[in-house]
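Chemist: let's see this in three dimensions:
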Amino acid sequence: KLKRLLIINTIAETYETLLESIKDIAATCKSKDCQIVVAGSMNSGKSMLVNALLGLDFDFPNSYSETCPIIKYRYSDTRNYVKTSYYTTDEWDSLWQNVQEESLDSIRTDQEDFLSIYNRLEAENLKLQLLNRSDDVFIPRDSDDFLSIIEKFASDKNAHHFFIRELEIGLADFKLPSNVVLVKLHGLNDPLSFRKIATRAYVYDAKIMLICVNAIYPKIDKRELDDIAFLFSNSNCKERIYVLGTQYDMPKNFSDNWVEKTKPIFTEALSSGLYFGSQEVASTKIMPVSAWYYNLIQQALNNHSFWEEEYKVDYISEILCRCLGNDVAYKYGMEAPELKKTLKEYVTDVETQTNVPSIINEVVSGPIMDVNREIHDEIIQLFKKVRKELNNSVQPKGQLACKKNQRPRSELLLKITNLDSKLKGIKNS
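Modeler: Now for the predicted structure:
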């Protein structure tokens, strides 16, 4: 009796191991998200870049650095939605203590400080209602309602945004692969250490990281270098980190200025072991981007009412002149209809100079394929593990226990055959 009991226990342990392995496969399939983190200092162009990558045509609401939530964008297979996650009481107490401890010198002086906005909006009246609240999901009626919901929870014009830890925006029209989750972090120079520490988990989980560095001037100061080093030291994907020189269109002769001045300085600054490790690697991972130009071009091409506003027409005139030269920009004339015709004819040339298409094709799409291959290989290895465990469970020493548990050897061999078929299917997919 003891011998039979020992055999049954051994088989029970085998099936528990198999069950855990199968759970691993299920978890891997469910968590096949490719998380892309967009990081950078305040006003470094993160939101503009997100709009360009996702094809969003609305102006993202401004939020005060110390209060805005982390924002995640992902594909929705039904319709657009906004999901809000709230601070717990413990998280809020830590954040609030951090605010009290910070000196006013560490808080931005170009706008109200945290406490001033908090008191003006009477946010205290919402605290008990929102702390520890379960996640909410909002389904917008239309595009205006969509933006209104986002503004409610992300803009410093509304008291609700103080208590939002994370905002998830689901997009039915998602321009990146459906398993991508794009995460926009807090500003790296956020004076609140609580919020900077909170970004570490997102940085560690990132499969790809895009670091925005303002390229208006050809320099990176020590504080920004320290912040970038923080990202590298906490990253689990150092080979997929890219530094994007944002707003590189601001200087005169911006393309030449990037090649001759800004990129060499960025490359030198980021070539040490704290960052890319060599000038050769740094040179391939540092590139310019003009997300603002790109977003304006998309609005001009896709929105007929765009051309009815004079200041927007002036923007397109400026873009065409700076990218193509005056002679080409005005070849058909200087009025809106002529500029529209020129833009349609030369749109590829102009978009190329923004460098957004290159970033999407070379920096985002390529690494995403690499990540998907890694996930694919991981699932195959888990299937092989289950197959091996199943095979071991039908060896002669287990035959008696199999009979006791009504799992004949033929049944398990059939399961192995079915598993092999699924494995071949994964390899061919």
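Chemist: now the helices for the stretch 201-350 of the chain?
Modeler: 222-234, 254-257, 263-269, 279-285, 291-302, 310-324, 326-329, 336-354 (DSSP state H, counting those that start in this stretch).
Chemist: those helices: which one's closest to residue 142?
Modeler: Counting by Cβ to Cβ, residue 142 lies closest to helix 291-302 out of the helices of the stretch 201-350 of the chain; the figure is 17.1 Å. In short, each C-beta sits where N, CA and C put it, glycine included.
Chemist: contacts only, for the nearest residue to residue 329 once chain neighbours are set aside.
Modeler: Leaving aside its sequence neighbours, residue 329 sits nearest to residue 320 (Cβ to Cβ, 6 or more residues apart in numbering; 3.7 Å). The neighbours of residue 320, taking Cβ atoms under 8 Å, 6 or more residues apart in numbering as the test, are 328-329, 339, 342-343, 346, 350.
Chemist: ChimeraX command to pick out the buried ones of those residues?
Modeler: ChimeraX command restricting the contacts of residue 320 to the buried ones, with burial defined by 16 or more other Cβ atoms under 10 Å:
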select :329,339,342,343,346,350
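Chemist: what's the closest of the contacts of residue 320 to residue 48?
Modeler: residue 350 (16.6 Å).
Chemist: would you pull up how far stretch 74-93 lies from the middle of the chain?
Modeler: 15 Å (Cα atoms, centre = their mean, to the nearest Å).
Chemist: who's in contact with it?
Modeler: Outside stretch 74-93, the residues that reach it (Cβ under 8 Å, 6+ apart) are 33, 95, 127, 130-133, 135-140, 146, 149-150, 153, 163-172, 174, 176, 178-182.
Chemist: buried subset of those residues?
Modeler: The buried subset of these - by 16+ other Cβ under 10 Å - is 33, 95, 127, 130-131, 138, 140, 146, 149-150, 153, 163-171, 174, 176, 179-182.
Chemist: so which of those residues are in strands?
Modeler: Cross-referencing the buried ones among the contacts of stretch 74-93 against strands under DSSP state E gives 138, 164-171, 180-182.
Chemist: okay, those in CSV with distance to residue 206 next?
Modeler: Listed next are those as CSV, based on distance: Cβ to Cβ, whole Å:
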residue, distance to residue 206
138, 27
164, 21
165, 18
166, 15
167, 18
168, 16
169, 18
170, 20
171, 20
180, 11
181, 10
182, 10
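Chemist: closest to residue 370 out of those?
Modeler: Nearest to residue 370 among these is residue 180, at 13.0 Å by Cβ to Cβ.
Chemist: the bottom helix or strand of this structure by mean pLDDT?
Modeler: Every helix and strand of the chain was ranked by mean pLDDT, DSSP states H and E. The lowest is helix 399-404, at a mean of 45.
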